[in-house]
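Enquirer: Provide a 3D model corresponding to the input given below.
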Amino acid sequence: MSVVVVLVVLVGLFFLSVAAIGMIRFPDVFTRSHALSLTDTLGAFLVLAGLAIHHGPSLNALKILLVLTLIFILNPVIAH
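Expert: Below is the predicted model of the structure:
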């Protein structure tokens with residue numbers, strides 16, 4: 001189970017790194033926000049999902065899933 005957690009978190013960190021590179025490379029605000037909204041949502045989902053898997057069925061995992069739900073709802077709205 002810890003191998004799965006490490007892989008999921010590393011893939012999430014890869015997507016967050018791609019978002020940071022896109023923030024530097026793209027020329028204007030609109031392309032930067034587009035790159036961030038797509039990769040940031042997926043990267044945050046994977047990192048938080050890895051943390052929730054690591055904690056197992058507990059109150060901490062429920063809190064992580066609540067934050068994940070808020071990110072899924074608010075991130076596209078903010079980027080729009």
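Enquirer: where exactly do the helices run in the protein?
Expert: 2-25, 29-55, 59-79 (DSSP state H).
Enquirer: avg pLDDT for the shortest one?
Expert: Spelled out, that is helix 59-79. Mean pLDDT, helix 59-79: 87.
Enquirer: quick check: angle from it to helix 29-55?
Expert: Calculated by axes from the mean of the first three to the mean of the last three C-alpha atoms, to 10 degrees, helix 59-79 forms an angle of 170 degrees with helix 29-55.
Enquirer: related to what we said a few turns ago, of the helices of the chain, flag the one that's most buried.
Expert: helix 29-55 (a mean of 17; mean count of other C-beta atoms under 10 Å). (C-beta placed from N, C-alpha, C; glycine too.)
Enquirer: can you give me how far that one is from the chain middle?
Expert: Remark: helix 29-55 is offset 2 Å from the chain centroid, using C-alpha atoms, centre = their mean, to the nearest Å.
Enquirer: how close does V67 get to R25?
Expert: Distance of V67 to R25, given as C-beta to C-beta, to the nearest Å: 29 Å.
Enquirer: G12 now?
Expert: In terms of C-beta to C-beta, G12 sits 20 Å off from R25.
Enquirer: Over to A79?
Expert: Here A79 is placed at a distance of 18 Å from R25 (C-beta to C-beta).
Enquirer: With N75 instead?
Expert: Using C-beta to C-beta, we find N75 at a distance of 21 Å from R25.
Enquirer: And for L7?
Expert: 27 Å.
Enquirer: surely L65 meets I53?
Expert: No - the criterion here is C-beta atoms under 8 Å, and L65 misses it with I53 at 10.8 Å.
Enquirer: Quick check: phi and psi on the residue sitting furthest away from the middle of the chain?
Expert: The C-alpha centroid of the chain is most remote from P27, which lies 23.1 Å away (C-alpha atoms, centre = their mean). With angles defined as degrees, to the nearest 10, P27 sits at phi -80, psi -40.
Enquirer: Could I get the pLDDT score of it?
Expert: Predicted confidence (pLDDT) for P27: 88.
Enquirer: What's the separation between it and A35?
Expert: Per C-beta to C-beta, P27 is found 11 Å from A35.
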